[in-house]
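Asker: Predicted model follows, preceded by the sequence.
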Amino acid sequence: MNLFVSEGNPHCLKALAALEATGVQCGVQFVNHDERVVPFLSRPTLPALALPSGQYLFSSNAICRYLFEVNGQECSELCDQWLEWEATVLQPALQQALHMAVLQGKSSEVSKVLQGPINVLEQSLSKRNAPYLTGDSVSAADLVLWAGFFPVLSDSSLTLGEHKSLKAWFDRVAAMNACQSAAQKVLQGKGLQGMKSYMQKQPAPQSSQCRETQPCNSNSAEEEGGERVVSEEEMEAAALTWSKGLNTCPPATKKQHPILPQEGKRNVLVTSALPYVNNVPHLGNIIGCVLSADVFSRYGHLRGWNMLFVCGTDEYGTATENKAREEGLTPQQICDKYHAVHSSIYKWFQIDFDYFGRTTTEKQTEIAQDIFWRLHERGFLIEDTVEQLRCENCQQFLADRFVEGICPHCSYPEARGDQCDKCGRLINAVDLREPQCKVCRQTPVIRSSKHLFLDLPKLESQLEQWLEKSTSTGDWTANAKQITRSWLRDGLKPRCITRDLQWGTPVPHADFKEKVFYVWFDAPIGYLSITANYTNEWEKWWKNPHQVELYNFMAKDNVPFHSVVFPCSLLGAQDNYTLVNHLIATEYLNYEDTKFSKSRGVGVFGDMAKDTGIPSDVWRFYLLYVRPEGQDSAFSWADMALKNNSELLNNLGNFINRAGMFVTKFFEGCVPVMELQEEDKKLLALVSWELQQYIQLMDKIKIRDALKHILNISRHGNQYIQVNEPWKKIKGGDSERQRAGTVTGVSVNIACLLSVMLSPYMPAVSQTIRDQLNAPPSCINTMLEGNGTFVCSLSAGHRIGAVSPLFQKLEADQIEALKKKFGGQQTTVRNAASAQSAAVPAPAVAVEVGTVNQVDPEKAKQLTQAVAEQGEKVRALKAQKAEKAVITAEVAKLLDLKKQLALAEGKNPEPAPQKGKKK
């Protein structure tokens, strides 16, 4: 094992302290903050623990937990709760405190930010009357929390004088040699100043009210800690809004095509990055582009905005030519085949495009050539001779993505012809060392060819003026701004817009008639041509910047083409084009601990998801739950099962089903009369606040964060039902029966609200809930009016429909089978040892006393390796807090392997009975 850490990084302090405290044999390597250690993550992440199997742990808390597990110290449930609290409550407060103390020089204000978490720790330690957080011995939680507090307590005005229990605990942990050594290595005795270079590279934290709950009170890892304090005014306002009902609300509107901009309405044009036609999209592609755009488009429609959502397949370029060659088809046949595949996948995922088109159309040629001539006439195109790589074996010039070689900057051996995935630097393909054609693996040769370039330097000042306005007034994600700034920082350079290909939009210039437009000049124009194929009045959307807001959804690798290259094309064309107002880019979604790979059979691709038997709404929910909004995230089968079973089944589904069943069982299917008490008004206020937060976040395209507020509402509802026990009160006197009626009526109305809020995320489930509740159509628009309007939409006497469960449990064996199915070669390699071990003959039932099992050194060697790998897998699952059933299954495999190993070594596979240990 090898632990990678950097100086001044407080998260590395945790890992190093845990390593020294446990004494686990592991190398330590100090690297720069910018070093990208984990190969499948797109940004530097430290600390990182490289495991012998080639896997990585890159959560500091998971690393600490893993090291303790390796050392034989199991993490208790209380330890896990403290680790969860540290990650979700303490860390956001610490990030804000460190930002203030290190970068803003406001050490005196640190105490205000940390007061809440400090109080929680003080109360917990004083109540437990134990030297450490989980008992009488140091746990991973002690080191993690100590390391979090150490930088601010060592060098700021914050003191723990009043908090005696906390101070005693902190001093006790700080006195450990492991902690002193780790602190010296990471902070170099410089205190907060030793963290300055690290903090300067971190994004400014968002100021928020810190959650102060104790971890042991939380029923869910995602549960909002601590109940929000609700004022009398809020309760009365919520009750007043509730009483208004649906009478004055406008009816829900249906789409009428073609959708065109309207005077006096908010006209929103939504685009999703055009997927390459020859690639079957995987889950990362789906969440990064079409699914995120779909959720926002559905939400905007519910808000009453005039929405148009367009997308389509990007069909020109080298990739299509090569795919056609592989399959023995023409490029057009390949496009037709895979366009249908894409359409089918998106239909199954319920992506509600207003129009899903393609780029191989007459309109594409017409519009692209018009923009070309306008750029040419205005002097924004220049000619130059370019050296290109040509594969003589394939008889074609190689597009950048079909060349691979050694990066000239960092020596990464698998750099592409346009960019290195390791150092992130842009590359000219001819500068690659030892280049290879990715199709045939032959070495290409350099040939010269004359091309046309978009003169980006000439357009740079116009671009900067527009960017200044768009990024300051629109909602651009942080990574979109950062990537765009990095392009501008070094100065723009002319960008080639032509290619030596046959399959593409032809260049209409006589001197370049053998060439086609380069895909990144041509493809974004597809948005315009797809809209033009949808309606002849397409210019009302695309040449109407004062009346139309444009939202672009994409993964971050597409940002520069949407924020620099394409806007420059439209600015240079000088034809009043609509430019992007809001650029929303996700980070990358990985698959378990690696990348998606169709060739290796790793990961779930769009055409496979429906074969899993898991409904598309559940897929949508989980992908949106782990949407990589601020950093890379990973799809995990164990986590998907956990979220389905805990959040959907036990939280959301449980509440909605109970509310409906109470109406059916206790009130003959009719909503009972509701007489609100203070407790009910308080719940209405809490739910109204969650609704308002949901709307604010969705308006800002914080799709993942908004989803948490839906789940918070159902948690409030479950608690409300549990406290009031309507199933008991219905058996009591008149007042108790009335109380049961009020609780049931309020609950079923909250269920109706949840159906509306869920609609963008889980459209089928949302409709099912409304069908079961027989909800009036106008509830959809009403709830999302303004800042959020929670009204009584199911009044007393309203008859609901038949109620049935919404979700099914995902069983551990089902998930394990799916994980193996989509694990590709990695699973095959892991299972090889198991297969070998399975071939070891089992011992005879009756063994004569004194008989020695036959020793098989070769099998013993194989099984030793298999036991080590399986043991590591179990520890990693525990560190990641996988579902208990999954861990149990893997532990069983480990025990079986150990028995097989004992046999191969000639030992008795059954452990000898242990004698009582002396205390």
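Answerer: Good, I have the coordinates.
Asker: Could you pull out the strands in the stretch 451-600 of the chain for me?
Answerer: Taking DSSP state E, counting those that start in this stretch as the test, the strands found in the stretch 451-600 of the chain are 495-496, 498-499, 516-517, 548-555, 582-586, 589-591.
Asker: The first one pairs with which strands, parallel or anti?
Answerer: For strand 495-496, the paired strands and their directions (DSSP bridges) read strand 445-454 (antiparallel).
Asker: In the record's domain split, what are the boundaries for the chain?
Answerer: 2-201, 656-799, 859-905 (the TED database).
Asker: Show me the one of the strands of the stretch 451-600 of the chain that comes nearest residue 291.
Answerer: strand 548-555 (9.0 Å; Cβ to Cβ). Glycine gets a C-beta too; all of them are placed from N, C-alpha and C.
Asker: Contacts only, for the residue found closest to residue 318 once you drop the neighbours it is linked to in the chain.
Answerer: Of all residues not flanking residue 318 in the chain, residue 399 sits nearest, at 3.7 Å (Cβ to Cβ, 6 or more residues apart in numbering). Shown in contact with residue 399 (Cβ atoms under 8 Å, 6 or more residues apart in numbering): 317, 318, 319, 417, 499, 501.
Asker: Against residue 516, how distant is the last one?
Answerer: Separation of residue 501 from residue 516 (Cβ to Cβ, to the nearest Å) stands at 5 Å.
Asker: next SSE after the helix-or-strand element of the chain with minimal mean pLDDT?
Answerer: The helix or strand with the lowest mean pLDDT-type score in the chain, counting by mean pLDDT, DSSP states H and E, is helix 824-838 (a mean of 38). Downstream of helix 824-838, the next assigned helix or strand under DSSP states H and E is helix 857-879.
Asker: Tell me which other helices or strands that next one touches.
Answerer: In terms of contacts (3 or more Cβ pairs under 8 Å, 6 or more residues apart in numbering; DSSP states H and E), helix 857-879 is packed against helix 60-70, helix 824-838, helix 884-904.
Asker: The strands of the stretch 451-600 of the chain: which one's closest to residue 702?
Answerer: Once these are compared by Cβ to Cβ, strand 582-586 is nearest, at 10.0 Å.
Asker: Mind listing the strands the closest one pairs with, and their directions?
Answerer: Partners of strand 582-586 in the sheet, by DSSP bridges, are strand 548-555 (parallel).
Asker: can you give me the mean pLDDT across the partner strand?
Answerer: The average pLDDT within strand 548-555 is 97.
Asker: Residue 187 and residue 196 touch, don't they?
Answerer: No - the criterion here is Cβ atoms under 8 Å, and residue 187 misses it with residue 196 at 11.0 Å.
Asker: The two: who's more crowded?
Answerer: It is residue 187, of residue 187 and residue 196, that has more neighbours when counted by other Cβ atoms under 10 Å, with 23 against 12.
Asker: list residues touching both of residue 187 and residue 196?
Answerer: With Cβ under 8 Å, 6+ apart as the test, residue 187 and residue 196 both reach residue 8.
Asker: coming back round to it: with mean neighbour count and distance to residue 403 as extra columns, can I get the strands of the stretch 451-600 of the chain in JSON lines?
Answerer: Output for the strands of the stretch 451-600 of the chain, formatted as JSON lines (neighbours: other Cβ atoms under 10 Å; distance: least, Cβ to Cβ, whole Å):
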{"stretch": "strand 495-496", "mean neighbour count": "17", "distance to residue 403": "15"}
{"stretch": "strand 498-499", "mean neighbour count": "25", "distance to residue 403": "13"}
{"stretch": "strand 516-517", "mean neighbour count": "24", "distance to residue 403": "19"}
{"stretch": "strand 548-555", "mean neighbour count": "23", "distance to residue 403": "22"}
{"stretch": "strand 582-586", "mean neighbour count": "26", "distance to residue 403": "26"}
{"stretch": "strand 589-591", "mean neighbour count": "23", "distance to residue 403": "25"}
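Asker: Mind checking those for the one nearest to residue 350?
Answerer: Between residue 350 and the strands of the stretch 451-600 of the chain, the tightest spacing by Cβ to Cβ is seen for strand 548-555, at 16.3 Å.
Asker: Show me what the helix or strand containing residue 679 is packed against.
Answerer: Assigned by DSSP H and E, residue 679 belongs to helix 678-699. Applying 3+ Cβ pairs under 8 Å, 6+ apart, we find helix 678-699 packed against helix 232-244, helix 703-724, helix 734-758.
Asker: The helix or strand just after the second one: which residues count as buried?
Answerer: Read that as helix 703-724. Downstream of helix 703-724, the first helix or strand assigned by DSSP H and E is helix 726-729. Going by neighbour count (16 or more other Cβ atoms under 10 Å), the buried part of helix 726-729 is 726, 729.
Asker: Surely residue 177 and residue 23 touch.
Answerer: No - using Cβ under 8 Å, residue 177 is not in contact with residue 23; the gap is 11.1 Å.
Asker: can you give me the helices in the stretch 1-150 of the chain?
Answerer: For the stretch 1-150 of the chain, helices defined by DSSP state H, counting those that start in this stretch occupy the ranges 10-22, 60-70, 77-85, 91-98, 110-128, 140-154.
Asker: how distant is the fourth one from the center of its chain?
Answerer: Its chain's C-alpha centre and that of helix 91-98 lie 22 Å apart, by Cα atoms, centre = their mean, to the nearest Å.
Asker: try the first one
Answerer: In this view, helix 10-22 has its centroid 27 Å away from the chain centroid, taken as Cα atoms, centre = their mean.
Asker: ok, now the last one?
Answerer: Mean-position distance between helix 140-154 and its chain equals 28 Å (Cα atoms, centre = their mean).
Asker: Kindly spell out which helices and strands sit in contact with that helix.
Answerer: helix 10-22, helix 60-70, helix 77-85, helix 91-98, helix 110-128, helix 164-174, helix 177-187.
Asker: how about the ones you listed, which one is nearest residue 870?
Answerer: Closest of these to residue 870 is helix 60-70, at 13.9 Å (criterion: Cβ to Cβ).
Asker: State the mean pLDDT of that closest one.
Answerer: Averaged across helix 60-70, pLDDT comes to 89.
Asker: angle of that helix against helix 857-879?
Answerer: Here helix 60-70 points in a direction 140 degrees away from that of helix 857-879 (axes from the mean of the first three to the mean of the last three Cα atoms, to 10 degrees).
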